[in-house]
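Visitor: got a predicted structure plus its sequence, pasted below:
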Amino acid sequence: MISNAILKPISDTNSTLLTNTTCSQCLCYSNLAYSAVNCFTNNSCQLISQYPLTYSIVLTLGARLYFPRQIFPDSSQGCMPNINILLSKLTSGNRATVNISNPSELLLDSLGYISTIDQSRGALRRFNITNLAPVDSLSVDTSSQMAIGYDNGMYYSKAYSGQMFMINSTTLTIVNTMASAPFNRARSMIFINNSQTMIVTSYGSNCLLFFNQVNTTPTNYTYVSSQTVNYSGPYGIWKVNDSFFYVTSYDNNSIYSYSRTSVSWREAFVFQVSNVSVTSGVTHLTIDKDNRIWISSRMQKTLVYDQQGSLLGSYTIPNAQIFDIKILDNYVMFFSDPGADRIIRIDPNIQCY
């Protein structure tokens, strides 16, 4: 029990308000069927059956907050469980754009920038996260830079056919390079085990590549092994934790998961992405705080699925070719659109607390 406080729902929740009822009676009525009970000073109470996805604990003199089940709310959950409301808010949200030639995957770094590669010029470019104002850029390679990653203060940029560049995010200088031999058309990368392991998708070899960190000053990795995938065209990769990640297949428009075993990674088919144009393919997936999967496939329509592969809805940006999406708190979204040479920022004006 918490004295002088109530749990105030911010998002929708199932609750019942009882009046002319003592707190003891409210607790008796709850009978472990409710997650939380707010007892007010005017002989009324609020019975909350399921925790709201967003809430605040509010100082209220004389009130009392009870948790009959002894199960407490999770403040890390998302705040927009209703996908239709979210899509509507995105449609009416505030939009900003910035021109950039053929942008690739988007990165959110620890410095508060949104970054990508200008693939036509082989340059890493950074933008202000609140208004997309250009911050700075670094010319990396004149060849097309297809894969980009960020981890622990370092950018990683892999050219289509050249070497990988390792870039200090503070000084924006190249501190090391890695030979191109094992990559074969790298598309995306993640880092696990406190930066000790880098995993790269190899579109050209239909495999996942594994690298171990061998030095931190300057940062350097060495190739260790590969794991062949049982499908064609591994492309985007999304880390859930150190033991689980997803990979998209560009060639057959499907999603696969990988879970760690004692000796390798167990591959599993998750779901098939529907309604992808024959001239397109699934490039990246993004998981929001409500555990929905947003699919980018070089089309104007972004598809949204649940974890079981059921289509929940879609969001369309006319005449776009969405390559990647990144999502901030409060569901501010960034879209990489190489078809129109731009990055789009949409603020749906949602307050998550």
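Guide: Now that the structure is in, tell me what you want to look at. Residues are numbered from 1 along each chain as shown.
Visitor: all helices of the stretch 251-353 of the chain, in order?
Guide: In the stretch 251-353 of the chain, no helices are found when defined by DSSP state H, counting those that start in this stretch.
Visitor: any weak-confidence spans in it?
Guide: Applying pLDDT under 70 to the stretch 251-353 of the chain picks out residues 353.
Visitor: 50 instead?
Guide: Within the stretch 251-353 of the chain, no range satisfies pLDDT under 50.
Visitor: ok, the chain next?
Guide: Scanning the chain for pLDDT under 50 picks out nothing.
Visitor: determine the longest strand present in it.
Guide: For the chain, the longest strand by residue count, based on DSSP state E, is strand 55-66.
Visitor: what packs against it?
Guide: Secondary-structure packing of strand 55-66 (3 or more C-beta pairs under 8 Å, 6 or more residues apart in numbering; DSSP states H and E): strand 2-9, helix 23-30, strand 36-39. (C-beta placed from N, C-alpha, C; glycine too.)
Visitor: sheet-wise, list the partners of the first one with their directions.
Guide: Next to strand 2-9 in the sheet, as set by DSSP bridges, lie strand 55-66 (antiparallel).
Visitor: with the shortest one instead?
Guide: Sheet pairing for strand 36-39, assigned by DSSP bridges, gives strand 45-48 (antiparallel), strand 55-66 (antiparallel).
Visitor: turn those strands into CSV, columns for mean neighbour count and distance to M154.
Guide: Output for the strands paired with strand 36-39, formatted as CSV (neighbours: other C-beta atoms under 10 Å; distance: least, C-beta to C-beta, whole Å):
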stretch, mean neighbour count, distance to M154
strand 45-48, 23, 45
strand 55-66, 15, 37
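Visitor: possible to save the ones you listed as JSON lines with distance to Y331?
Guide: JSON lines is the format used below for these (distance: least, C-beta to C-beta, whole Å):
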{"stretch": "strand 45-48", "distance to Y331": "24"}
{"stretch": "strand 55-66", "distance to Y331": "17"}
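Visitor: taking the helices and strands packed on strand 55-66 together, which one is wrapped up most tightly?
Guide: strand 36-39 (a mean of 24; mean count of other C-beta atoms under 10 Å).
Visitor: hmm, who's touching that strand?
Guide: 6-7, 23, 26-27, 30, 45-48, 51, 63-68, 73 (C-beta atoms under 8 Å, 6 or more residues apart in numbering).
Visitor: tell me the first helix or strand C-terminal of the longest strand of the chain.
Guide: Proceeding N to C from strand 55-66, the next assigned helix or strand is helix 83-91, under DSSP states H and E.
Visitor: what are the buried residues along that next one?
Guide: I83, L86, L87, K89, L90 (16 or more other C-beta atoms under 10 Å).
Visitor: residues contacting that helix, please?
Guide: Outside helix 83-91, the residues that reach it (C-beta under 8 Å, 6+ apart) are 80, 292, 304, 312-315, 331, 333, 346, 348-350.
Visitor: how about the residue lying closest to D251 once chain neighbours are set aside, what does it touch?
Guide: Nearest in space to D251, with sequence neighbours left out and distances taken as C-beta to C-beta, 6 or more residues apart in numbering, is G233 at 3.2 Å. With contact set as C-beta under 8 Å, 6+ apart, G233 has these partners: Y203, N206, S249, Y250, D251, N252, G281.
Visitor: which of these ranks first by neighbour count?
Guide: S249 (25 neighbours; other C-beta atoms under 10 Å).
Visitor: that residue pairs with what?
Guide: P234, S254.
Visitor: same check on P134?
Guide: Residues in beta-bridge contact with P134 (DSSP bridges): F127.
Visitor: isn't it right up against T116?
Guide: No. Assessed by C-beta atoms under 8 Å, P134 is found out of contact with T116, at 11.7 Å.
Visitor: and for these two, which residues touch both?
Guide: With C-beta under 8 Å, 6+ apart, P134 and T116 have common neighbours R125.
Visitor: which one of the two is surrounded by more residues?
Guide: T116 (26 against 12).
Visitor: can you list the domain ranges for the protein.
Guide: 2-66, 83-347 (automatic domain parsing).
Visitor: identify the residue spatially nearest to S243, adjacent ones excluded.
Guide: R260 (4.2 Å).
Visitor: what's across from the one you found in the sheet?
Guide: W265.
Visitor: cool, and D118?
Guide: Going by DSSP bridges, D118 forms beta bridges with P103, A123.
Visitor: mind listing what it touches?
Guide: I100, S101, N102, P103, L124, R125, S137.
Visitor: go again using 6 Å as the cut-off
Guide: Contacts for D118 were tallied using C-beta atoms under 6 Å, 6 or more residues apart in numbering; they are I100, S101, R125.
Visitor: give me phi/psi at the closest residue to D141 other than its chain neighbours?
Guide: With sequence-adjacent residues excluded and distances taken as C-beta to C-beta, 6+ apart, D141 is closest to G122, at 4.3 Å. Dihedral angles of G122 (phi, psi; degrees, to the nearest 10) stand at phi 60, psi 40.
Visitor: can I assume G122 is in contact with M146?
Guide: No. G122 lies out of contact with M146 (C-beta atoms under 6 Å); the separation is 10.5 Å.
Visitor: distance of A133 from L18?
Guide: Using C-beta to C-beta, to the nearest Å, A133 is found at 52 Å from L18.
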